[in-house]
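# Kindly return the folded structure for what I paste below:
(2 chains)
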Amino acid sequence: MRRFWAIALSCVLLLLSGCGAAAPEELTLFAMDTYMTLTACGDGAKDALEEAAQRINALEQLFSRTREDSDVSRLNRQGSASLHPETAELLALSLSCAEATGGAFDVTVAPLVSLWNVTGDTPRVPAREEIDALMPLVGVEHLHLDGTSASLDEGCAVDLGGIAKGYASDQVAAIFAARGIRSGAVSLGGNVYVCGTRPDGTPWRVAVQDPQGAGYACILSLQDTFAVTSGAYQRNFTAPDGTVYHHILDPATGAPAQSDLLSVTVLGASGSVADAYSTALFVMGQRQAEAFWRAQGGFSLVLITADGRVRCTPDLSEQLTLSEDTSYVLEVISP
Amino acid sequence: MSLKSSPPECRPNRRDALAALAIALAALVIALIYYIPAETASLQVSVSVDGRVEEFAPLSRYAGVHTYSHNGYTLTVSCDGATVQVVSANCPGQDCVHTGAVSKAGQSIVCLPARIVIRLSGGAADLTVG
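Take a look at the predicted model:
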């Protein structure tokens, strides 16, 4: 009888030992013109995810260009507006990213975004004259920010689509931190934030999409970081003559960026900055992007070039594994 | 000072050893279930329509042609057992069609107008950036 109880007690302890790793909670939502998945583990995970979803929806109300009552729509429509502090904060950050990248990231490309309408229902290739007519409206010197008051020069408009999801991921990270979440992973339409490690203690495995194929180009082992990719393959349309036009506009030309890169993945401690820089570095092209990384620092980089190379910064060389079924060649960017 | 020997009924015997071995094996099985590398797990495909999971199956068993409709849009999805793609859709942007074939865990095909999401899970990656 004593043996029976000993075995029974052992079995109970054995089962209880498996309860340490609670099943992850997952939440999905459509917001900010994309599909989002949020996963968190541990006590309070469900509440954290619900708060994060509410936060994302609230930010969309502020930053959307398609919602008539958003801060951004009011600013674009009226030419000036008193903004929610977070909208002002994101505009200020957009201005500093524009300055840092020499204008390669620029939220005032909005008139051109509307003209091309690449991500809309009716994309088209505008005439050069149409583009040239709008080019004087592009440039952050047309956006004036004073605290929470903003104004735009006549005819100008802003589009926060290149930084808003990154900002949202920053806010999700803050919610996770405030609620003591130590393991979570978030993908806001491909803008990734990984919190801590996976439930089993190993780093999160974040794949970088192969811009030319059905699989991955490489997999990164990550923890506590943001990762954002920009690539020409993500959203595009084919013109009647067969030319493919993508959605990343070069503020200097008013047309989709002619880049020697297929994709740029920026990793760092800020989702907003990673989002803005990934767009800017795609526009810059390989040489300028790498020079920018050397000069700026503070973030990591994975570039996939049009001639089949995966180039990463040295700090990622131990964390990056090329996918077995790709023909990409791995190179480390010299510091 | 003298050491007292255990009474005979408290000394471990062969049955106790077998019980300990059984518990150790059970622990090993549970550990394997929890910690087996995900790479060895099979890919699963899930199709959700407006947030509701309509399909969840091993990719190998999902082979064939499937259609899903929502919000007035219809997607035709083809799977050859190893890859899955939206081959046609009547949505305006055609982003779901342009995504092409996906074959790895963490990848997804999203049709925003139709609110249809096809996701792969259970392989080498937890999520995909880009």
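# what about the helices in chain B?
Secondary structure of chain B (DSSP state H): helices located at B:14-35, B:95-98.
# Of those helices, which shows the lowest average pLDDT?
Note on these: helix B:14-35 shows the lowest mean pLDDT, a mean of 70.
# Contact partners for A:Leu29?
Contact partners of A:Leu29, counting by C-beta atoms under 8 Å, 6 or more residues apart in numbering or on different chains, are A:Tyr35, A:Met36, A:Leu38, A:Ala53, A:Ile56, A:Asn57, B:Gly51. (Glycine included, C-beta is placed from N, CA and C.)
# what about stretch B:79-99, start to end distance?
Start-to-end span of stretch B:79-99 (C-alpha to C-alpha, to the nearest Å) is 14 Å.
# Repeat that for stretch A:205-221.
One end of stretch A:205-221 sits 5 Å from the other (C-alpha to C-alpha).
# quick one: which of the contacts of A:Leu29 has the most company?
Among those, the one with the most neighbours (other C-beta atoms under 10 Å in any protein chain shown) is A:Leu38, at 26 neighbours.
# Tell me which strands the strand or helix carrying it pairs with, and in which orientation.
A:Leu38 belongs to strand A:34-41 when elements are defined using DSSP states H and E. Looking at strand A:34-41 with DSSP bridges, its partner strands are strand A:25-31 (antiparallel), strand A:183-188 (antiparallel).
# Please work out which of the ones you listed is packed deepest.
strand A:183-188 (a mean of 26; mean count of other C-beta atoms under 10 Å in any protein chain shown).
# Can I get that one in PDB, CA atoms only?
The C-alpha trace of strand A:183-188 is given here as PDB (Å, rounded to 0.1, in the frame of the first residue of the first chain):
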ATOM      1  CA  SER A 183       8.000  35.300 -23.300                       C
ATOM      2  CA  GLY A 184       6.100  36.600 -26.300                       C
ATOM      3  CA  ALA A 185       6.200  37.100 -30.000                       C
ATOM      4  CA  VAL A 186       4.400  39.700 -32.100                       C
ATOM      5  CA  SER A 187       4.000  40.100 -35.800                       C
ATOM      6  CA  LEU A 188       2.200  43.200 -36.900                       C
END
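# Next secondary structure after it?
Counting by DSSP H and E, the next helix or strand C-terminal to strand A:183-188 is strand A:191-196.
# could you check whether the helix or strand that that next one is followed by is close to chain B?
Counting by DSSP H and E, the element after strand A:191-196 in chain order, helix or strand, is strand A:204-209. Yes. Strand A:204-209 is in contact with chain B by C-beta under 8 Å from any C-beta of the partner chain, via A:Trp204, A:Arg205, A:Val206, A:Ala207, A:Val208, A:Gln209.
# interface residues of chain B facing chain A?
Listed as neighbours of chain A in chain B under the rule C-beta under 8 Å from any C-beta: B:15-16, B:19, B:23, B:26-27, B:30, B:34-35, B:38, B:48, B:51, B:83, B:85, B:92-95, B:98, B:100-108, B:110, B:112, B:115, B:117, B:124-130.
# Please repeat the previous calculation with a cut-off of 6 Å.
Residues of chain B lying close to chain A by C-beta under 6 Å from any C-beta of the partner chain are B:19, B:23, B:27, B:30, B:35, B:83, B:92, B:101-104, B:106, B:110, B:117, B:125-130.
# what residues are up against B:Ile55?
One correction, residue B:55 is Glu, not Ile. B:Glu55 makes contact with B:Val47 under the criterion C-beta atoms under 6 Å, 6 or more residues apart in numbering or on different chains.
# Quick check: bridge partners of it?
With DSSP bridges as the rule, B:Glu55 is bridged to B:Val47.
# go on, A:Ser230?
According to DSSP bridges, beta-bridge pairing links A:Ser230 with A:Val264.
# Model confidence for it, exactly?
Looking at A:Ser230, its pLDDT stands at 94.
# got the contact list for it?
Counting by C-beta under 6 Å, 6+ apart, the residues that A:Ser230 touches are A:Val264, A:Ser278, A:Thr279, A:Phe282.
# ok, the last one touching A:Thr265?
This points to A:Phe282. No. Using C-beta atoms under 6 Å, A:Phe282 is not in contact with A:Thr265, being 10.0 Å away.
# Between these two, tell me which one has more neighbours.
The neighbour comparison of A:Phe282 against A:Thr265 (other C-beta under 10 Å) goes to A:Thr265, with 30 against 26.
# Surely the more buried one and A:Ala207 touch.
No. With contacts counted by C-beta under 6 Å, A:Thr265 stays clear of A:Ala207, the gap being 10.5 Å.
# Just the buried residues from the residues of chain B next to chain A, in ChimeraX please.
The ChimeraX selection below is limited to those of the residues of chain B next to chain A classed as buried (16 or more other C-beta atoms under 10 Å in any protein chain shown):
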select /B:19,23,83,101,102,103,104,106,110,117,125,126,127,128,129,130
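# Mind checking which of the residues of chain B next to chain A land in strands?
With DSSP state E as the criterion, strands contain B:Val110, B:Val117, B:Leu127, B:Thr128, B:Val129 from among these.
# Show the pLDDT at the closest residue to the first one other than its chain neighbours.
If you skip the residues right next to it in sequence, B:Val110 has A:Tyr35 as its closest partner in space, 4.3 Å away by C-beta to C-beta, 6 or more residues apart in numbering or on different chains. At A:Tyr35 the predicted local confidence, pLDDT, stands at 93.
# Equivalent analysis for A:Leu9, please.
Confidence score, pLDDT, at A:Leu9: 54.
# State the pLDDT value of whatever residue of the stretch 51-200 of chain A ends up closest to chain B.
Closest to chain B within the stretch 51-200 of chain A is A:Asp121: 3.8 Å, counting by C-beta to the nearest C-beta. For A:Asp121, the model assigns a pLDDT of 77.
# phi, psi of the closest residue to it other than its chain neighbours?
Excluding the flanking residues, the one nearest A:Asp121 by C-beta to C-beta, 6+ apart is B:Pro92, at 3.8 Å. Here is the backbone geometry of B:Pro92 (degrees, to the nearest 10): phi -70, psi -40.
# I'd like the distance between A:Asn191 and A:Ile56.
11 Å (C-beta to C-beta, to the nearest Å).
# what's the answer for B:Ser121, then?
22 Å.
# Please apply the same query to A:Leu267.
21 Å.
# again, but for B:Val49
The gap separating B:Val49 from A:Ile56 is 21 Å, by C-beta to C-beta.
# and what of A:Ala127?
38 Å.
# Which residues are in contact with A:His142?
Neighbouring residues of A:His142 by C-beta under 6 Å, 6+ apart: A:Thr108, A:Leu152, A:Asp153, A:Cys156.
# Type out the PyMOL command that picks the buried ones from those residues.
Buried members of the contacts of A:His142, defined by 16+ other C-beta under 10 Å, are picked up in PyMOL with:
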select buried, chain A and resi 108+152+156
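# need the residues of chain A near chain B, please.
Selection of chain A residues close to chain B by C-beta under 6 Å from any C-beta yields A:7, A:10, A:14, A:18, A:35, A:121, A:185, A:187, A:190, A:192, A:200, A:204-209, A:214-216, A:219, A:227, A:229, A:231, A:263, A:265.
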